[in-house]
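**Q** pasting the sequence and the predicted coordinates here, then a few questions.
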Amino acid sequence: MTVQDKLQQLQTLFAQMERALIAYSGGIDSTLVAKVAFDVLGDQALAITANSPSLLPEDFEDAQVQAADMGIPHRVVSTHEMDNPNYTTNPVNRCYFCKSELYDTLKPLATELGYAYVVDGVNADDLQDYRPGIRAAKERGTRSPLAEVGITKLEVREISKLLGLPWWDKPAQPCLSSRFPYGEEITVEKLRRVGQAERYLRKLGWSTLRVRSQGDTARIELPAADIPRFTQQTELPQLVSAFKTYGFIYVTLDLEGFVSGKLNQELPLVSSMP
């Protein structure tokens, strides 16, 4: 099946829904869902962005700019996962509590506004990974159009490019809480310093990156091919000084390079987890 076939199936799915409220983070997956929903449903599609300390301010701004560019109606709500110790203690199923908070916020809103469906940006590849948040969404009746049609992450980018979305190659950007090893408490201050550190690196021109936080240590992850150029071109003492002003004591570079979801390597039995 071609990506054009899958796009047509996605369009048909939204036409059958008639109205849809989209959990819209501004990432490439939920943005494609919002774009197709709006193309099919017009003002009967509504994008909702949840703002919280775990979302980078620039990602929040991107979501607003992209929604305006697409023309889709867009609203912002606040979520309060940071008030839940089941979330802030950072267990291996942390994402379950995050998504529970999100959809416990969105579902009543959808009911109030007359939307029969709440949809998210989960794609077919996500179903093969450890994503406890998916279970929370399903328990609350959320639908995943990309996964239902069988659209993979690569196909999300292909279809986004086909539709002329200028951010089709935007790097994946999971929430800031994913930067911490399981079991380390997450605080607003820790999220802030990670966000500042990643913002610093992006201003230097590095787009695909993570700053993993473990205690007082910042561990920079860049694609392995970029590491030699990074060490040659970066004023390392200046970078270390900046990171220390954010609250880190130690600054390191991960020589393995960037690996999406690297902290899940701590979970060798992840497939058996609920």
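**A** Arrived safely, thanks for sending. What you are looking at is a predicted structure, and each value in this text was computed from that prediction instead of being measured.
**Q** just the strands from this protein, written as ranges.
**A** 20-23, 45-51, 74-78, 118-119, 210-214, 217-221, 250-253 (DSSP state E).
**Q** winner for burial among those strands?
**A** strand 20-23 (a mean of 27; mean count of other Cβ atoms under 10 Å). The way it works is simple: take the backbone N, C-alpha and C, and place the C-beta from them, glycine included.
**Q** let's test this: mean pLDDT of that strand, rounded?
**A** Confidence for strand 20-23, expressed as mean pLDDT, is 98.
**Q** what does stretch 68-85 give?
**A** So the average pLDDT for stretch 68-85 ends up being 96.
**Q** wait, isn't residue 35 in contact with residue 162?
**A** No: contact criterion Cβ atoms under 8 Å: residue 35 and residue 162 do not qualify, at 10.9 Å.
**Q** look at the two and report which has more neighbours.
**A** More crowded of residue 35 and residue 162, by other Cβ atoms under 10 Å: residue 35, with 24 against 13.
**Q** and the gap between the more buried one and residue 202?
**A** Separation of residue 35 from residue 202 (Cβ to Cβ, to the nearest Å): 24 Å.
**Q** now swap in residue 224 and tell me
**A** In terms of Cβ to Cβ, residue 224 sits 19 Å off from residue 202.
**Q** before we move on, what about residue 120?
**A** Distance of residue 120 to residue 202, given as Cβ to Cβ: 26 Å.
**Q** what about these two, which has more around it?
**A** A direct count of neighbours by other Cβ under 10 Å for residue 120 and residue 202 places residue 120 higher, at 27 against 15.
**Q** touching, the more buried one and residue 30? I think so.
**A** Yes: contact criterion Cβ under 8 Å: residue 120 and residue 30 qualify, at 6.7 Å.
**Q** overlap in contacts of those two?
**A** 22-23 (Cβ atoms under 8 Å, 6 or more residues apart in numbering).
**Q** check contacts around residue 198.
**A** Taking Cβ under 8 Å, 6+ apart, we find residue 198 in contact with 56, 209-211.
**Q** do residue 187 as well
**A** residue 88.
**Q** cool, the one 3 residues further on as well?
**A** For residue 190, the contact set (Cβ under 8 Å, 6+ apart) comprises 180, 213.
**Q** let's go with 10 Å and repeat that
**A** 53, 88, 176-177, 179-180, 184, 213, 215, 247 (Cβ atoms under 10 Å, 6 or more residues apart in numbering).
**Q** repeat that for residue 183.
**A** Residue 183 makes contacts with 89-92, 94, 266, as judged by Cβ under 10 Å, 6+ apart.
**Q** same question, residue 68
**A** Residue 68 makes contact with residue 74 under the criterion Cβ under 10 Å, 6+ apart.
**Q** so where do the helices sit in the stretch 51-200 of the chain?
**A** 57-70, 85-88, 94-113, 132-139, 145-149, 153-162, 188-203 (DSSP state H, counting those that start in this stretch).
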